[in-house]
Structure formats: structure tokens, C-alpha cells
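Chemist: here is a sequence with its predicted model. Questions after.
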Amino acid sequence: MSKQKPVMILIHEIYGINDHMKSMIHYFDKAGFEVYCPHLLGQAKHFPYVSENEAYDYFMNKVGFDKSVKSVLNLAKELKTKNAAIDIFLLGFSVGATIAWRCSQNDQLFTGVIGFYGSRIRDDVDLAPACKTLLFFPKIEASFNPREIASVLEKKEKLCVTIVEGEHGFANPYSAAFHAESKNRCFQEIDEFIKVCLLNAE
């Protein structure tokens, strides 16, 4: 009997499922995952990067974190109902990382959680992940000091925080802030992280 593919649920930024997310879907599909990328924006398809303010307002006013967390948890529960033994990973970018962080309370559902530059994690530093969690921050963030947040987060069990060169968006080749070296370093860590999580889950 062939082993069930692990699942990767990707959580997009305020912009929706754009070229960056499509490239991530392709990446994890090729890496042997069953990939899901729930569309959290409802009516809006996706926003271009130049419409950052509009995209942010739309996400905050029409979508929000609570609704998004619920959508992701519902998808994971549905997958677990079909196959309780399945390994599910979450990977979120920006607001997606904050959503993933909130979902990390559910070790019954997730084998591992990964987040890139979740600025709003700073509002939820009291949370403690119940499953193995990996967070990436750039050295420079406009709205907060990543080192300060990291020093609070690092004390938590099951959590690893990595700070790399660059700014918000460093892992996105379509962003002006793209930093190839930092992105590659993070993806090496992700590969290792997933391997360890899957070994421990066996």
C-alpha cells in the first residue's frame, strides 16, 4: 500500500492567490505534497502589489483573521476526517503566517506549522504552539523590531525562530524586497524541519 502523501496547506498574503502563491503551489506539488491553497478573499480574486493599501483594508474589513483561521481549521478537519493518519503542514506568508501561528494551537490537526514574516504575530505573542513551529522574520520590519519579538517567542517550546537578512517580503521573487540568499536559507531549513516532523510523526 502506498503511503499517503503529506498535505501542505498554503496561506496567502493580503493579495490573494497571485503568481507567488502559484509558484509555491507548484514547488510543494513537485516536492511530493498534496497541496491546498484556500482562497480566503471571498469575492475579490487577488490584488496587485501596487494596491497594497486597498488589499490591506479589504483583508482587515471584509475577511479578518478569525474568519481565515476558521477556514483553515475547517479544511484541516475535513482532511483529517477522510484520513486521520495524514500529516498536515501549514505554511503562511505575512497575514498568512499570523493565521498559521494562530492555528498552531491545534496539534491534533497539524504536524508542523511554518510562517514567513507574520507582522501581526506581535499581537499574539502569548500563544504557545502545540505542534512544531518554525517562524522566519527579516532583520528589518517597518512596524516592529523582529529581534524583540523573537526574544519573547524563543522561550516557547516547540518553536524555532530564525531571523535573516532582508525586509518584509524577502521570500517572494515577485516582491521588490526579494532576497534570494535569505529565501534559499529558509527553504533549506523548511526541508529539514519537514523531514524531522515526519520522522517524529511516524
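Modeler: It's in. Numbering: from 1, shown residues only.

Chemist: so where is this structure shaky, pLDDT-wise?
Modeler: Within the chain, the ranges that satisfy pLDDT under 70 run 1-3.

Chemist: all strands for it, in order.
Modeler: For the chain, applying DSSP state E gives strands covering 7-11, 34-36, 88-93, 112-116, 132-140, 159-167.

Chemist: would a markdown table of those strands with distance to residue 19 and mean neighbour count be doable?
Modeler: C-beta: built from backbone N, CA, C; applies to glycine. As requested, the strands of the chain are arranged in a markdown table below (distance: least, C-beta to C-beta, whole Å; neighbours: other C-beta atoms under 10 Å):
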| stretch | distance to residue 19 | mean neighbour count |
| --- | --- | --- |
| strand 7-11 | 13 | 25 |
| strand 34-36 | 16 | 18 |
| strand 88-93 | 13 | 27 |
| strand 112-116 | 16 | 28 |
| strand 132-140 | 20 | 23 |
| strand 159-167 | 19 | 17 |
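
Chemist: closest to residue 190 out of the ones you listed?
Modeler: Checking the strands of the chain against residue 190 by C-beta to C-beta gives strand 112-116 as the closest, at 5.9 Å.

Chemist: then that closest one to PDB, C-alphas only?
Modeler: Coordinates of each C-alpha in strand 112-116 appear next as PDB, following Å, rounded to 0.1, in the frame of the first residue of the first chain:
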ATOM      1  CA  GLY A 112       4.100  21.300  11.600                       C
ATOM      2  CA  VAL A 113       3.500  25.000  11.100                       C
ATOM      3  CA  ILE A 114       5.700  27.400   9.200                       C
ATOM      4  CA  GLY A 115       5.300  31.200   8.900                       C
ATOM      5  CA  PHE A 116       7.200  33.900   7.000                       C
END
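
Chemist: what pairs with it, and is each one parallel or antiparallel?
Modeler: Strand pairing for strand 112-116, determined by DSSP bridges: strand 88-93 (parallel), strand 132-140 (parallel).

Chemist: between those strands, which one is closest to residue 168.
Modeler: When these are compared by C-beta to C-beta, strand 132-140 sits nearest residue 168, at 6.1 Å.
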